[in-house]
Each structure stands twice: as structure tokens, then as C-alpha cells.
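*Asks:* could you look at this predicted model? Sequence included:
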Amino acid sequence: MRWWLAMLIAAGCGSNSATPGDGSIATSDSGAAAGSCSAAPAGESGDGTYYDADGTGNCSFDASPNDLMIAAMNAPDYGNAAWCGACLAVTGPMGNTITVRVVDMCPGCSHGDLDLSETAFGMLSPLSAGRISISWHEVPCDVTGPVAYNFQSGASQYYAAIQLRNSRYPIAALEAKQSSTYVPLAAQSYNYFVAANGLGVGPYDLRVTDMRGEVLEDGSIALANGATEAGSGQFAMCAGD
């Protein structure tokens, strides 16, 4: 489950805008001001393995052939897609560190384990090792431009499923304003937030909370069946990151 939400709903920090991404890591947004945010989750350690990754998986992101620095999170930590889109600094047995983005869930992995892409694993150890000891912790994704709202194919005024993309930090909650009150959308294990009865014809006022407690509010997000709408801002870099 999205366990960060219990720590959250704090005031938003700074924001800036440009163009949306597709869920992949982009270049640095150097103008973002540092915000005062909740502490990062504690680092973990476990085994690192590898698989034939292409960017797709349980997190429902698109294939990312130009970004294969990716990983599948172990099932106990994956929870209800809580880590989807998170960026992790992973250190291997020889002391070198890489950054990967979480795009999938590894059902056979134990707590603390990561199943890395072949590309990522090969930067920590020869593939012939098969399994290595790793440690990792969450870091901000190197993004540019605003967050983006990806509407699942089939979205309509009667059913809405929305996924956040191009976010500096993983998402803890998405809410939609209904009659002047923000109502939470239900988080799903496939990394969408769902309003089973829909949100009407739109446009929508949406409020997003990231895992560090920062909040973004976006007005006039149009219904986009199977397409992506750009937001107006990005989560600020948290102080200390």
C-alpha cells in the first residue's frame, strides 16, 4: 500500500514548468528551488539480479528503449505500486553506484532485493555473476518540465484512470475536486489512480501529493482518453537531496 500517505498532506514547496515526459528520466531541471520536505525512506539492502527489461511492467509505463537504467522492485516493498517511478541509487559489491528507475515488480524477490535490467546490472558486475549483494536508497529523478497526467485508454466521463508521469519523486496520492472538495482517487497495483464512477466531462481540478509530502494543484486538466495532459508544475527538489 502507499504507506507514505500517512506521513503526508503537507504544504507544497516550489514549482516550475516546461514540457511533459513519458515516464523516463530526463535532464536536470536546474532552476527548481529546494523545498522543506519529509525525510526520504530509509535505505535498504539485498540481492541484485537481472532480467530482460524494456521499460514496461507492473507500473504500466511505456517501453523506454533509450532509457534502460531501470529495475523491478521486490514484491514486499512494491506494495500497491508505491515505488513506481522512483529513482534509486544502487551500490554494488565493488562500491560503484548507479541510478535506476522503478518500472516493474519482481514477484520472486525478497525484501530489499532489486531485479535490474541487464544494462544496469552490467554496470555493477559482470552478468556471469548472476546475483550480487547491493544496497540502495531513493533519490530524486533527474527530470525536466512539469508532471504529466496519463489517462488510461477507455477513460470517459463515467470512468477515469490516471497515472502520473515525469515526476521528481514517486506519487503518494491523487485527488480530484468534486463540488469544492478534494476526493482521493483509489490507488491501484498497476500504478493508476481510479475514479470508478468517473469524474464527469472535465476539465478537472487535480491535487497530487508526492512521497516527500509536497503538493501540486492543477486546474483545467482535460479528459484525454489514452493520451497525456501536461501539468503546470514540478515538485521542487527537497533540501538535502
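*Replies:* Perfect, I can see it now.

*Asks:* now the spatially closest residue to residue 48 that is not a sequence neighbour, which residues is it bridged with?
*Replies:* Computed as CB to CB, 6 or more residues apart in numbering, the closest residue to residue 48 that is not its neighbour in sequence is residue 134, at 3.9 Å. (C-beta placed from N, C-alpha, C; glycine too.) Beta-bridge partners for residue 134, by DSSP bridges, are residue 46.

*Asks:* and the residue nearest the centre of this structure?
*Replies:* Central residue of the chain (CA atoms, centre = their mean): residue 85, 2.4 Å from the mean position.

*Asks:* contacting residues around it?
*Replies:* Contact analysis of residue 85 by CB atoms under 8 Å, 6 or more residues apart in numbering lists 23, 59, 61, 101-103, 141, 164-165, 167, 170-171, 191.

*Asks:* and with 6 Å instead?
*Replies:* Residue 85 is in contact with 167, 170, counting by CB atoms under 6 Å, 6 or more residues apart in numbering.

*Asks:* before we move on, what about the one 5 residues further on?
*Replies:* Contact criterion CB under 6 Å, 6+ apart gives 98, 100, 134, 136 as the residues in contact with residue 90.

*Asks:* neighbour-wise, which one of these leads?
*Replies:* residue 100 (27 neighbours; other CB atoms under 10 Å).

*Asks:* wait, that one sits on residue 72?
*Replies:* No: the criterion here is CB atoms under 6 Å, and residue 100 misses it with residue 72 at 9.7 Å.

*Asks:* burial count for the nearest residue to residue 55 once chain neighbours are set aside?
*Replies:* Excluding the flanking residues, the one nearest residue 55 by CB to CB, 6+ apart is residue 64, at 3.3 Å. Using other CB under 10 Å, residue 64 has 20 neighbouring residues.

*Asks:* tell me the mean pLDDT for stretch 108-128?
*Replies:* Here the mean pLDDT over stretch 108-128 is 97, rounded to a whole number.

*Asks:* buried residues in that stretch?
*Replies:* Buried positions in stretch 108-128, judged by neighbour count with 16 or more other CB atoms under 10 Å: 109, 112-117, 120-121, 123-125.

*Asks:* this structure: helices as residue ranges?
*Replies:* Taking DSSP state H to define them, one finds helices in the chain at 75-78, 118-122.

*Asks:* got those as JSON lines, with distance to residue 152 columns?
*Replies:* Formatted as JSON lines, the helices of the chain follow (distance: least, CB to CB, whole Å):
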{"stretch": "helix 75-78", "distance to residue 152": "20"}
{"stretch": "helix 118-122", "distance to residue 152": "28"}
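
*Asks:* nearest to residue 203, out of those?
*Replies:* Closest to residue 203 of the helices of the chain, according to CB to CB: helix 75-78, at 32.4 Å.

*Asks:* average pLDDT across the closest one?
*Replies:* 95.

*Asks:* and what of stretch 40-56?
*Replies:* On average, the pLDDT along stretch 40-56 is 95.

*Asks:* residues touching that stretch, excluding its own?
*Replies:* If you take CB under 6 Å, 6+ apart as the criterion, stretch 40-56 is touched by 61, 63-64, 70, 103, 112-118, 121, 131-132, 134-135, 137-138.

*Asks:* ends of it, what's the gap?
*Replies:* 26 Å (CA to CA, to the nearest Å).

*Asks:* if I look at residue 158, how far off is residue 100?
*Replies:* To residue 100, residue 158 is 38 Å away according to CB to CB, to the nearest Å.

*Asks:* same question for residue 171.
*Replies:* 18 Å.

*Asks:* with adjacent residues omitted, what lies nearest to residue 225?
*Replies:* residue 155 (4.9 Å).
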